[in-house]
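Engineer: A structural model of the following input is requested.
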Amino acid sequence: MNAPFDLRHDQDEADTAAAREMIARFRAESDEPSGVLALVFGMVIGATMMLALCLFFAPMLGAGQ
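Structural biologist: So this is what the prediction gives:
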């Protein structure tokens, strides 16, 4: 009765090992920018846009009087 369970368990381990190998290969071959780089780039663009908006609306709100 334990034989089918043991076979499935072995198959699960083989599938897990194969999946880990595929993930490792994909990570090694991937040349896309990392998420951290995209996050930093987005933050720089966002900060620049906020500064531009503040400088654009400051005269309309009476700044510098």
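
Engineer: Do a quick rundown of the helices in the protein.
Structural biologist: For the chain, the helices defined by DSSP state H occupy 2-29, 35-57.

Engineer: Just put those in JSON lines and tack on mean pLDDT, distance to Ala63 and mean neighbour count.
Structural biologist: All C-beta spots, glycine's among them, are computed from the backbone N, C-alpha and C. Below are the helices of the chain laid out as JSON lines (pLDDT from 0 to 100; distance: least, C-beta to C-beta, whole Å; neighbours: other C-beta atoms under 10 Å):
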{"stretch": "helix 2-29", "mean pLDDT": "72", "distance to Ala63": "50", "mean neighbour count": "9"}
{"stretch": "helix 35-57", "mean pLDDT": "92", "distance to Ala63": "9", "mean neighbour count": "10"}
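
Engineer: Output the ones you listed in CSV; the columns should cover distance to Gln65.
Structural biologist: Converted to CSV, those look like this (distance: least, C-beta to C-beta, whole Å):
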stretch, distance to Gln65
helix 2-29, 57
helix 35-57, 14
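
Engineer: how much space between Gln65 and Asp15?
Structural biologist: Distance of Gln65 to Asp15, computed by C-beta to C-beta, to the nearest Å: 71 Å.

Engineer: What residue spans form the domains of the protein?
Structural biologist: Domains of the chain are assigned by automatic domain parsing as 1-31, 33-65.

Engineer: can you tell me how far the spatially most central residue of the chain sits from Gly42?
Structural biologist: Taking C-alpha atoms, centre = their mean, the centroid of the chain lies closest to Gly35, which sits 3.9 Å from it. Distance from Gly35 to Gly42, counting by C-beta to C-beta: 10 Å.
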